[in-house]
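Engineer: quick one: sequence and predicted model below, then my questions.
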Amino acid sequence: MSSTGAVTVHPTARVRGRVRLPGDKSISHRYALLAALADGTTTIRGYSSGADCASTLSCLESLGVSIARERRDDGFFVRIGGRGLAGLTPPSSILDAGNSGSTMRMLAGVLAAHPFEAIIDGDDSLRRRPMRRVIVPLERMGARVTADAGRPPITIRGAEPLAPLDFQPDVPSAQVKSAVLFAGLHAEGTTRVDEPVPTRDHTERALQAFGARLSREGGAIALEGRQRLTAQALNVAGDISSAAFWLAAAAALPGSDLVLEHVGLNPTRTAILDVLRRLGASVDVEVLEERANEPSGTIRIRHAGLAAATIGPDEVPAVIDELPVLAALATHGADLSVSGAAELRVKESDRISALAEGLRQLGADIDEMTDGFHVRGSRRLTGGHADARGDHRLAMAFAVAALGASGPTTITGAGAAAVSYPEFFTVLTQLAE
């Protein structure tokens, strides 16, 4: 299915069963990038099946990295031949990040330390997304980075050596933090990133898994440059952001009972579970193992009624990816108010505007605000037509909303789900009763 393809979702009484998620997208990107910089060959089991993470592998291959892929039952098994620090080779053509802002921003940090010119481009959606927030710190470290009005394509002329940096981001962003740390890995001296608001810490954990030493003090992360990385055998747990769609569906529909297996339970990613509990869901979590500093386990979620909840600016960074599906959940009879989420307007789409318009088309009572939205689940959705605008998270969020409608819903652009979760609509048919 292309990203412009349409899917029709029919109402269902409940969702029940067991689900194994695709590998975590955030972790997959980071493992691949660090494996390319490591000494030796890294293996990654459970690498994400999504198109975004495939873009990262494709870009690395264009930079001289040897990569082998094998499709298995638990996702992709990937073997990456590391080239060592600053060991990438100049690309012969433009690097295509597809729809992946993660690829573009984090790879920019890696390329900032390589003394050749590279251009990273992407699809129409990615070309609309702001890159100044990553360009500024990399230029301060000595790289030359150019972009038209701060948007892709971006051209990077790396510096050797890079200067270390003390950096405090204006907007909380794990991708920008990661780009600075990846650049700082090559710098002469210590690079520090001071986060006023904590973001997901997969990069810090991954760096340590590859043998790097870093320190944390308060909200600051410090990394000494020129540390060599050692290849690893890694296993990627299921993506909790993908799990959020099933969690919301089960929380929404009476009689639902789902068990999600081998899900990543990194504490910087589990705020969604607290929000679901506030909205009325019964959520049980069991941590079963920890590999490469990343905990994983099972989540059982059951419908237990719906309530009202508020998400404010302090909480938004921890659930930024899950906000669309939480809005979808609220249409089933909850009440959800979100503020401080203006960042949603510069994602794969303007997620506030597109979310509000799509849910209204299905009969929802939703107010759009500059930095958020308010959904009142006071009436049942009618179904109808919603346009995901090529945004994977909106496509899946509209599907969750559609489960409780009185009639079928056609979602245009549903093929965008392949960016992070190609199997989503297949699994949906298996779980619906």
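Structural biologist: Cool, the structure landed.
Engineer: return the set of buried residues in stretch 193-210.
Structural biologist: By 16 or more other CB atoms under 10 Å, the buried positions in stretch 193-210 come out as 193, 195, 199-207, 209-210. Just so you know, the C-beta spots here come from the backbone N, C-alpha and C atoms, and that holds for glycine as well.
Engineer: which ones among those map onto strands?
Structural biologist: When DSSP state E is applied, the buried residues of stretch 193-210 are split such that residue 193 fall in strands.
Engineer: looking at the buried residues of stretch 193-210, which one is closest to residue 295?
Structural biologist: Sorting the buried residues of stretch 193-210 by distance to residue 295 puts residue 205 at the head of the list, at 9.9 Å, by CB to CB.
Engineer: circling back to that earlier point, which of the buried residues of stretch 193-210 lies closest to residue 338?
Structural biologist: Nearest to residue 338 among the buried residues of stretch 193-210: residue 199, at 17.8 Å, using CB to CB.
Engineer: mind listing what the closest one touches?
Structural biologist: 172-174, 177, 268, 317 (CB atoms under 8 Å, 6 or more residues apart in numbering).
Engineer: now render those as TSV, adding pLDDT, secondary structure and distance to residue 32.
Structural biologist: Converted to TSV, these look like this (pLDDT from 0 to 100; DSSP: H, G, I helix; E, B strand; the rest coil; distance: CB to CB, whole Å):
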residue	pLDDT	secondary structure	distance to residue 32
172	89	coil	24
173	92	coil	19
174	95	helix	16
177	98	helix	18
268	96	coil	20
317	91	helix	24
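Engineer: can I get those residues in TSV with distance to residue 418 and neighbour count?
Structural biologist: Shown next, in TSV, are these (distance: CB to CB, whole Å; neighbours: other CB atoms under 10 Å):
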residue	distance to residue 418	neighbour count
172	28	19
173	24	22
174	23	24
177	27	27
268	26	16
317	26	21
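Engineer: where exactly do the helices run in this structure?
Structural biologist: 25-37, 51-62, 101-111, 124-127, 132-140, 174-184, 202-209, 240-252, 271-278, 316-319, 323-330, 351-361, 392-402, 424-431 (DSSP state H).
Engineer: the first one: how far from the chain's middle?
Structural biologist: To tie it back to what came earlier, the one meant is helix 25-37. 13 Å (CA atoms, centre = their mean, to the nearest Å).
Engineer: so if we follow the domain assignment, how does this structure break up?
Structural biologist: 6-22+238-431, 25-235 (automatic domain parsing).
Engineer: that older thread, from the buried residues of stretch 193-210, which two are the most distant?
Structural biologist: Longest distance between any two of these is 21.3 Å, between 195 and 210; criterion CB to CB.
Engineer: now stretch 242-260: buried residues?
Structural biologist: Within stretch 242-260, the residues that qualify as buried are 242-253, 256, 258-260, counting by 16+ other CB under 10 Å.
Engineer: what does stretch 73-82 give?
Structural biologist: Neighbour-count burial for stretch 73-82 [16+ other CB under 10 Å]: 75-76, 78, 80-82.
Engineer: likewise for stretch 333-350?
Structural biologist: 333-339, 341, 343-344, 347-350.
Engineer: could those residues be laid out in JSON lines, adding distance to residue 137 and pLDDT?
Structural biologist: Output for the buried residues of stretch 333-350, formatted as JSON lines (distance: CB to CB, whole Å; pLDDT from 0 to 100):
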{"residue": "333", "distance to residue 137": "44", "pLDDT": "97"}
{"residue": "334", "distance to residue 137": "39", "pLDDT": "97"}
{"residue": "335", "distance to residue 137": "40", "pLDDT": "97"}
{"residue": "336", "distance to residue 137": "34", "pLDDT": "98"}
{"residue": "337", "distance to residue 137": "34", "pLDDT": "98"}
{"residue": "338", "distance to residue 137": "29", "pLDDT": "98"}
{"residue": "339", "distance to residue 137": "28", "pLDDT": "97"}
{"residue": "341", "distance to residue 137": "24", "pLDDT": "96"}
{"residue": "343", "distance to residue 137": "18", "pLDDT": "90"}
{"residue": "344", "distance to residue 137": "23", "pLDDT": "93"}
{"residue": "347", "distance to residue 137": "21", "pLDDT": "81"}
{"residue": "348", "distance to residue 137": "23", "pLDDT": "76"}
{"residue": "349", "distance to residue 137": "26", "pLDDT": "78"}
{"residue": "350", "distance to residue 137": "25", "pLDDT": "90"}
